[in-house]
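>>> I would like the atomic coordinates for the input below:
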Amino acid sequence: MNVIGLSAAEQNDIFRMLAAILWIGNVQFAEDDGSGSQITDTGVTDFVAYLLEVDAAMVSRAMVTRTVETQRGGRRGSVYDVPLNPAQAASGRDALAKAIYNNLFEWIVSRVNVSMKPRQATAQVIGVLDIYGFEIFQGDFEQLCINYVNEKLQQIFIELTLKTEQEEYVREQIKWTPIQYFNNKIVCDLIEERRPPGIFAALNDATAVASADPAAADNSFIQRSAALASNPHFESRAGRFLVKHYAGDVLYTVAGMTDKNKDALVKDLTDLIASSGNQFLQTLFPDRPDPNSKKRPPTAGDKIKASAGALVENLMRAQPAYIRTIKPNQNRSATEYDTKAILHQIKYLGLQENIRVRRAGFAYRNTFEKMVERFYLLSPATSYAGEYTWTGDARSGCEKILTDVGIAKEEWQMGVTKAFIKNPETLFALETMRDRYWHNMAARIQRAWRNYLRYKNEAAARIQRFWKNNKEGIAYAETRQYGHEILGGRKERRRFSLLSYRRFMGDYLDVGGKNALGEMIKDACGIASGETVHFSSRCQLLVSKLGRSSKPSPRYIVLTEKAVYLAVTNAKDGRIATTLDRKVQLVTIRSVAMSNLRDDWIALNVNVCEEGDPVISLEFKTEFTATLMRLTRGQTNLLIGPTIEYAKKKEKKQIIKFVKDETVPRDDVYKSHVVHVPSGEPPNSVSRPPAKRKPGVVRPITQGKLLRKGGPSGPSSASRPTPKPKPKPAAQPLPVKLPLHLRLLRPLLLVFHRLHPVLLHHLHLHRLPNLKSPWSRFSMTLRVNPESCLWLRERCLSW
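Residues are numbered from 1 along each chain as shown. Below is the predicted model of the structure:
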């Protein structure tokens, strides 16, 4: 129920209605002192009233009495409560339960159809009809209804497969041998006809005349069914009657038929439902019968006849395909095989006549226009280079196609509006030739395409080499440019940082790769497999010890999208071991502090903690800072000034001063919170322009057969005569107008057949700058394979 979209409240209402149906069936009646009836257990009706949310007294009164209104001269008369005998009360009880169950079932089916309804404006639907098969059992009213529906479906089968088939041959003036078959329309008329009255009509009359006494109603039906004795498919017997169905003779018992045919809710029961406070029950009964109407309410036979008529109407609008099931035995055994019963089923299902019609008839037929549209490629008289060129009518074109492909004359006939092909093998041969035509044309396209690829192979290789050499450098250059932007005009630079060939590589220790050192650092830091390493390098961490001044100590620094890791290598028990010294989460970093000189010191100002702020001397400080700023999306502040303030311990601030000292030979020198730094490049310095490359020798592209040395205007061979062009037939419109997308697809064959290689070159290269992975897409475009041409072939096959 959840799958089809029913809410919890609707599911609860469904279970409530099912419980009400079961409890209504538990209501029992007994004769009272008079001619009426009484309910044996009022507790059952009280619970039914609770489930239906109606008054309990109203339930009891509606089940044992019936309201009758008299009229005089069109004016309203008196209203009487007529008591019901136990048989009449039981009939009303069953009618109420059936009505609730039937309307509940139809409501659920409508909700399922809403859930399965296509979302598009138009859709193609495949419906499956699975019903009870023909039955020969005890012969009651339900079996009569089931067999009647099977008779209607058999009538449709005859109408669509046997009768329609032979009528079409006559209409198309096809020479063939007619096949005799049994038409079961006479059996359907016996059951459903009104004039002369059939079985359902006789049941309705008997029910209306003697509705109070079921036995009297059954006797009335026996008397009325005697009028059907003139029908050769009906025989009346003592208390029973026999119907000669298409599947065999079935003997039906009259006793209880008229009682089961009563399926109408009296006015008291409909008023009972109308008084319910359950909104869901009101939804199940949207149409109220007119209390002033004198028309007899429909019986069960009327409803099954109307339902069968609606089913037939839907099937006639569709294109039904039949699956005939054959029962191997009547005992439902998996090991028994009743040959006589199987042969009987094959006979009454009409399979013999159907096979005879198929053998004597034609397996495939279609209009001349459709045949020409489908197979015009098979004849040189009707097509040229994939275009339709026939100027005659569709009938002569169809005949020309079948003649040119060499099909024997006895295998096909031309009707008035259609062409008929006798055997399926002939149709399969036509489809194979059509498929082979597209395959050959696709092979020609592939051959020309591969020839063009050889011509363009070297150009593609040059693009590939250029892209492979530069695609990774572009990302590094973008990171480097971002580092210049955040430090521009605020900090002196080193000459090495401004060199054109300087690239920000990121993971210098290969922590994210398979290097032994990188794996050792990764394991020591405890970096998860899904955590990407964006930067790693060697550095020095400013370490303070008790009673001594701070001193730089070697460390490994690793930056991921989550944290900054600092690892240290120590000697333990005579072995070198790398351990995690400190882990700083990116979300805890408030700012990054740097000096305005060319030194390598940075401080990570984090939230208050016992360890304080890490102060690091890092040669690739600009790259580290740029990567950190990108990972935090610019939320980390960058502080640049003459000093660096950091927390040495919790709640203990310390300042590092930076002094410009030209006596320092190369790198900065740290001592007692003072860093001596030599002069650097001005803060507004920009990157050096890249050095010019030595020009190489451009080699001509002469591979392939499309362009040879000497160019297309070179001297041609004198021994080879110039071929004279043949006149091309004029293209004609197809007899059947194709949809727009198919009409646009059909000229693709000629386009690929005649397109100049230079145009193909521009056709594929103009999309190159818009691709995220240019070379992979470009190489995929150039390296065409048979599948790419088979795609064109399959699209053309859909015509």
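
>>> over to V592: give its phi and psi.
Main-chain torsions, V592, degrees, to the nearest 10: phi -120, psi 120.

>>> quick one: the helices in the stretch 501-650 of the chain, in order.
516-525, 621-631 (DSSP state H, counting those that start in this stretch).

>>> ok, now which ones touch G277?
Applying CB atoms under 8 Å, 6 or more residues apart in numbering to G277 gives the contacts 53-54. Using the backbone N, CA and C atoms, a C-beta is placed for each residue, glycine as well.

>>> i'd like the first residue to be 769 from this point on
All right, first residue 769 from here; so that's G1045.

>>> for E821, see how far away it is.
Using CB to CB, to the nearest Å, one gets 4 Å for the distance from G1045 to E821.

>>> which neighbours do these two share?
Joint contacts of G1045 and E821 (CB under 8 Å, 6+ apart) do not exist.

>>> ok, for N1452, nearest residue in space, not its chain neighbours?
Nearest residue to N1452, sequence neighbours excluded (CB to CB, 6 or more residues apart in numbering): G1257, at 5.3 Å.

>>> tell me, how many residues neighbour that neighbour?
The number of residues packed near G1257 is 10, by other CB atoms under 10 Å.

>>> any idea how far it is from A1361?
For G1257, the distance to A1361 - CB to CB - is 18 Å.

>>> then L1266?
From L1266 to A1361 the distance is 23 Å (CB to CB).

>>> before we move on, what about F1053?
Per CB to CB, F1053 is found 80 Å from A1361.

>>> higher neighbour count, the two?
A1361 (22 against 16).

>>> residues contacting the more buried one?
By CB under 8 Å, 6+ apart, the contact set of A1361 is 1370-1371, 1373, 1407-1409, 1412-1414.

>>> repeat for H1441
So H1441 contacts 1317-1318, 1422-1425 (CB under 8 Å, 6+ apart).

>>> ok, now K1168?
1147, 1149-1150, 1158, 1160.

>>> that one sits in which helix or strand?
Using DSSP states H and E, K1168 maps to helix 1162-1172.

>>> buried residues in that helix?
Neighbour-count burial for helix 1162-1172 flags 1162-1163, 1165-1170 (criterion: 16 or more other CB atoms under 10 Å).

>>> helices and strands around whatever helix or strand comes next after it, which ones?
On the C-terminal side of helix 1162-1172, the closest following helix or strand by DSSP H and E is strand 1180-1182. Of the remaining helices and strands, those touching strand 1180-1182 by 3 or more CB pairs under 8 Å, 6 or more residues apart in numbering; DSSP states H and E are helix 1162-1172, strand 1186-1189.

>>> can you give me the domain assignment for this structure?
776-884, 899-1031+1066-1129, 1266-1445 (automatic domain parsing).

>>> what is the burial count for the nearest residue to L912 once chain neighbours are set aside?
Spatial nearest neighbour of L912, excluding adjacent residues (CB to CB, 6+ apart): Y1020 at 5.7 Å. Using other CB under 10 Å, Y1020 is surrounded by 18 other residues.

>>> what residues does the strand or helix carrying Y1020 touch?
In this assignment (DSSP H and E), Y1020 forms part of strand 1016-1021. Contacting residues not belonging to strand 1016-1021 are listed as 902-904, 906-908, 911-912, 915, 1005, 1007-1011, 1112, 1116 [CB under 8 Å, 6+ apart].

>>> dump that strand to PDB, keeping only the CA atoms.
Extracted C-alpha coordinates of strand 1016-1021, given in PDB (Å, rounded to 0.1, in the frame of the first residue of the first chain):
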ATOM      1  CA  GLY A1016     -18.100 -28.100 -24.100                       C
ATOM      2  CA  ASP A1017     -21.500 -28.800 -22.500                       C
ATOM      3  CA  VAL A1018     -22.100 -27.400 -19.000                       C
ATOM      4  CA  LEU A1019     -25.000 -28.400 -16.700                       C
ATOM      5  CA  TYR A1020     -26.200 -25.600 -14.400                       C
ATOM      6  CA  THR A1021     -28.300 -25.900 -11.300                       C
END
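
>>> what lines up beside it in the sheet?
When pairs are called by DSSP bridges, strand 1016-1021 turns out to pair with strand 1008-1013 (antiparallel).

>>> list the buried ones in the strand it pairs with?
1009, 1011-1013.

>>> can you redo the residues you listed as a markdown table with pLDDT and distance to D809?
Compiled in a markdown table, the buried residues of strand 1008-1013 are given as follows (pLDDT from 0 to 100; distance: CB to CB, whole Å):
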| residue | pLDDT | distance to D809 |
| --- | --- | --- |
| F1009 | 89 | 39 |
| V1011 | 90 | 41 |
| K1012 | 89 | 47 |
| H1013 | 86 | 43 |
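
>>> H1207 - that's part of a helix, no?
Yes - judged by DSSP: H, G, I helix; E, B strand; the rest coil, H1207 forms part of a helix.

>>> what is the burial count for it?
The number of residues packed near H1207 is 13, by other CB under 10 Å.

>>> so S1265, which of the three states?
Assignment for S1265 (three-state DSSP): helix.

>>> again, but for R1100
Assigned by three-state DSSP, the conformation of R1100 is coil.

>>> after the helix or strand where I876 lies comes which helix or strand?
Element membership for I876 (DSSP H and E) is helix 854-884. Once the chain leaves helix 854-884, the next helix or strand it forms, by DSSP H and E, is helix 909-925.
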